[in-house]
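# here are the coordinates; sequence isn't available:
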């Protein structure tokens with residue numbers, strides 16, 4: 001019986017010694033390769049890409065794709081991951097990825113973090129970058145996740161990754177004029193002149209544009225422009241969008257349009273997709289939504 005225990009003990013010691021030698025070899029290899037992982041064997045993260053999906057007045061939505069690499073001989077699971085997103089070293093998002101993460105031994109997996117940045121925070125960062133003339137930005141993600149099994153004595157890992165990418169300035173849309181044609185019972189043609197300001201160093205196209213015009217709380221016209229329109233880089237591009245007024249709706253607000261322009265509000269709801277000919281994944285096919293408001297006193301082309 002005692003001899004059996006001795007054999008078991010020897011086997012366990014040999015396994016432990018083999019594991020230590022194996023781990024030391026991998027660790028030395030990691031040290032020889034260098035890199036941002038502290039020369040240790042632990043789960044590694046890489047920011048694969050970032051894609052803006054939705055741009056609105058109040059928020060910007062984007063997807064961050066993180067590659068999680070597991071160089072260890074055992075798989076691991078984590079019930080969730082806490083993360084903080086920095087743009088130009090300024091924290092803009094703090095959230096939790098609440099889906100379980102599982103990575104097999106010696107394998108990797110790609111996860112998508114849905115990130116919503118409040119426009120106010122983003123705007124403050126962009127204003128600072130613009131003032132300093134900085135055209136590329138460091139995007140950083142600091143993540144913390146707990147493993148279901150200890151690895152080299154640890155169960156909680158904090159990993160910080162960063163990637164430098166071009167600074168993306170949010171396009172600005174301004175309604176310069178709403179030009180009403182002759183008002184009629186059956187049809188009123190409306191031309192909306194829009195100024196699109198692009199501070200980025202890359203041009204892009206807007207496509208699948210849709211818009212509605214509301215005057216004094218009544219939706220009086222709408223339209224769409226499916227064809228792509230080139231928006232020049234670091235410039236303001238004027239664009240004319242054709243709009244067709246809804247019969248009867250225009251006449252209901254006609255007195256205010258003609259005699260009370262100062263106190264008559266308008267709202268233009270605009271949406272489109274952004275297309276980059278270089279297929280930049282940061283903005284490709286992202287949805288852009290804007291709400292432009294003012295009063296009819298801003299315009300001078302209301303025709304009888």
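Cool, the structure landed. On a predicted model such as this, the values are computed, not experimentally measured, just so you know.

# for the most centrally placed residue in the chain, phi and psi?
Residue closest to the average C-alpha location in the chain (C-alpha atoms, centre = their mean): residue 62, at 2.2 Å. When quoted as degrees, to the nearest 10, the phi and psi of residue 62 stand at phi -150, psi 160.

# surely it touches residue 122?
No. Applying C-beta atoms under 8 Å as the test, residue 62 and residue 122 come out as separate, 10.1 Å apart. (C-beta placed from N, C-alpha, C; glycine too.)

# contacting residues for the closest residue to the residue nearest to the centre of the chain other than its chain neighbours?
Nearest non-adjacent residue to residue 62, counting by C-beta to C-beta, 6 or more residues apart in numbering: residue 52, 4.6 Å away. Listed by C-beta atoms under 8 Å, 6 or more residues apart in numbering, the contact partners of residue 52 are 60, 61, 62, 168, 282, 283, 286.

# residue 52 in helix, strand or coil?
strand (DSSP: H, G, I helix; E, B strand; the rest coil).

# so how far is residue 145 from it?
From residue 52 across to residue 145, the span is 25 Å (C-beta to C-beta, to the nearest Å).

# ok, residue 58 next?
Relative to residue 145, and taking C-beta to C-beta, residue 58 is found at 30 Å.

# ok, these two, which is more surrounded?
Set side by side, residue 58 and residue 145 show more neighbours around residue 145, with 22 against 10, by other C-beta atoms under 10 Å.

# would you check that that one makes contact with residue 78?
Yes. Counting by C-beta under 8 Å, residue 145 does reach residue 78; the two are 4.1 Å apart.

# now for these two: what residues contact both?
By C-beta under 8 Å, 6+ apart, the residues touching both residue 145 and residue 78 are residue 101.

# C-terminal to the longest strand along the chain, what's the next element?
The residue-count maximum for a strand in the chain (DSSP state E) belongs to strand 136-151. Next along the chain after strand 136-151, taking DSSP states H and E as the criterion, comes strand 154-166.

# which strands and helices lie in contact with that next one?
In terms of contacts (3 or more C-beta pairs under 8 Å, 6 or more residues apart in numbering; DSSP states H and E), strand 154-166 is packed against strand 44-55, strand 136-151.

# report the angle between the longest one and strand 154-166.
Counting by axes from the mean of the first three to the mean of the last three C-alpha atoms, to 10 degrees, strand 136-151 lies at 160 degrees to strand 154-166.

# pull out the buried residues from strand 136-151.
Buried residues in strand 136-151, defined by neighbour count with 16 or more other C-beta atoms under 10 Å: 137, 139, 140, 141, 142, 143, 144, 145, 147, 151.

# ok, the shortest one next?
Using 16+ other C-beta under 10 Å as the test for burial, strand 44-55 gives 44, 45, 46, 47, 50, 51, 52, 55.

# these two touch, right, residue 118 and residue 58?
Yes. Under the criterion of C-beta under 8 Å, residue 118 makes contact with residue 58 at 7.0 Å.

# in the helix or strand harbouring residue 244, which residues are buried?
Residue 244 belongs to strand 235-245 when assigned by DSSP H and E. Buried residues in strand 235-245, counted by 16+ other C-beta under 10 Å: 237, 239, 241, 243, 245.

# redo the residues you listed as JSON lines? Include distance to residue 196 and pLDDT.
Listed next are the buried residues of strand 235-245 as JSON lines, based on distance: C-beta to C-beta, whole Å; pLDDT from 0 to 100:
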{"residue": "237", "distance to residue 196": "5", "pLDDT": "95"}
{"residue": "239", "distance to residue 196": "6", "pLDDT": "92"}
{"residue": "241", "distance to residue 196": "11", "pLDDT": "87"}
{"residue": "243", "distance to residue 196": "16", "pLDDT": "80"}
{"residue": "245", "distance to residue 196": "23", "pLDDT": "75"}
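
# would you mind giving these as JSON lines with distance to residue 71 added?
Shown next, in JSON lines, are the buried residues of strand 235-245 (distance: C-beta to C-beta, whole Å):
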{"residue": "237", "distance to residue 71": "49"}
{"residue": "239", "distance to residue 71": "52"}
{"residue": "241", "distance to residue 71": "54"}
{"residue": "243", "distance to residue 71": "58"}
{"residue": "245", "distance to residue 71": "64"}
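
# looking at the residues you listed, which one is closest to residue 203?
Each of the buried residues of strand 235-245 was checked against residue 203 using C-beta to C-beta; the closest is residue 237, at 9.0 Å.

# do I have it right that residue 229 meets residue 204?
No. The pair residue 229 / residue 204 is not scored as a contact, 9.8 Å apart, by C-beta under 8 Å.
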